[in-house]
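Enquirer: sequence first, then the predicted structure:
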Amino acid sequence: IAHHPGNERFRTLVSSRADESYCTAYSASEKRAVAEEIVKHINTLDPPGRFLKREGRGQVSRGLNGPWEELSEREAIKKTCQALRDCNRQDRAGYAIGVVAPSD
């Protein structure tokens, strides 16, 4: 799943928007605005991107086969905010290494 083109695109967008000052200098509303910008960008692609999660609580399925359900906009923004925070963690230093940024 980590190598799915949509997930790679998401990581490059997050990496391109988050810098060292994101976690320390941005206000909560600025952080949310960055996350909303990323979600909006993904939703306006042609075809539009989606934020998905495993359906149900067990999440026993593996691989790309479902069942999947689409996240609400609020959940997608929350997920993006978390990815922006994680981007600056030392243990995530290779977050988007080797992934080419999309031209859009």
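Expert: Thanks, I have the structure now.

Enquirer: by residue count, tell me the biggest helix in this protein.
Expert: Criterion DSSP state H: the longest helix present in the chain is helix 28-43.

Enquirer: any weak-confidence spans in the chain?
Expert: Using pLDDT under 70 as the threshold, the predicted model of the chain has low-confidence ranges 57-66, 88-104.

Enquirer: hey, where'd the strands end up in it?
Expert: When secondary structure is read from DSSP state E, the chain shows strands at 52-54, 68-70.

Enquirer: and the nearest residue to residue 85 once chain neighbours are set aside, how many neighbours does it have?
Expert: For residue 85, ignoring the flanking residues on the chain, the nearest one in space by Cβ to Cβ, 6 or more residues apart in numbering is residue 23 at 6.1 Å. Heads up, the C-betas are built off the backbone N, CA and C, glycines and all. Summarising burial for residue 23: neighbours were counted as other Cβ atoms under 10 Å, giving 15.

Enquirer: in the chain, which spans are helices?
Expert: Along the chain, the segments classed as helices by DSSP H run 5-17, 22-25, 28-43, 73-86.

Enquirer: wait, residue 13 touches residue 40, no?
Expert: No. Counting by Cβ atoms under 8 Å, residue 13 stays clear of residue 40, with 10.9 Å between them.

Enquirer: many thanks, have a good one.
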